[in-house]
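K.L.:
the sequence and its predicted three-dimensional model are supplied below.
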Amino acid sequence: MLVRQLGEIAAKDPATGEWAPKDPQMDVMSPIAEPNEAADKLEELEERGEEVPVLSGRLVDVERALLNIEGGTYGVCEVCNKAIEEERLEANPAARTCTVHM
């Protein structure tokens, strides 16, 4: 779901692996478009620019959690190596630390 959400608003650079917001389709505006239409498109680009880091960060966290599952270290605090509380993992399955080290 995160990959789909990101794909709707951003494109992944194959060289760097970084996500960048896609430009709203400014070229589909009519030549006599309302001035507000261009402003709306620019506002949409700005919103995408704010959403992309949040979603890509979540995706990185989920991918890391999946690797930890494969490696047998899922649910282990990265700071103290103790088990992460079950309630914390239920609230955030990608949690990397226990509540003491949040």
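P.N.:
Received it, and whenever you're ready, just let me know what you need.
K.L.:
from here on, contacts and neighbour counts on C-alpha atoms
P.N.:
OK.
K.L.:
now do whichever strand or helix holds Ser56: distance to the chain's middle.
P.N.:
Assigned by DSSP states H and E, Ser56 belongs to helix 35-71. In terms of CA atoms, centre = their mean, to the nearest Å, the centre of helix 35-71 is found 4 Å from the chain centre.
K.L.:
for stretch 75-83, same thing?
P.N.:
Per CA atoms, centre = their mean, the displacement of stretch 75-83 from the mean C-alpha position of its chain is 24 Å.
K.L.:
which strands and helices sit next to the helix holding Ser56?
P.N.:
helix 2-9, strand 19-21 (3 or more CA pairs under 8 Å, 6 or more residues apart in numbering; DSSP states H and E).
K.L.:
do you know which of the ones you listed lies nearest Ala95?
P.N.:
helix 2-9 (16.6 Å; CA to CA).
K.L.:
residues contacting that closest one, please?
P.N.:
Residues outside helix 2-9 that contact it (CA atoms under 8 Å, 6 or more residues apart in numbering): 19, 21-22, 48, 52, 55-56, 58-59.
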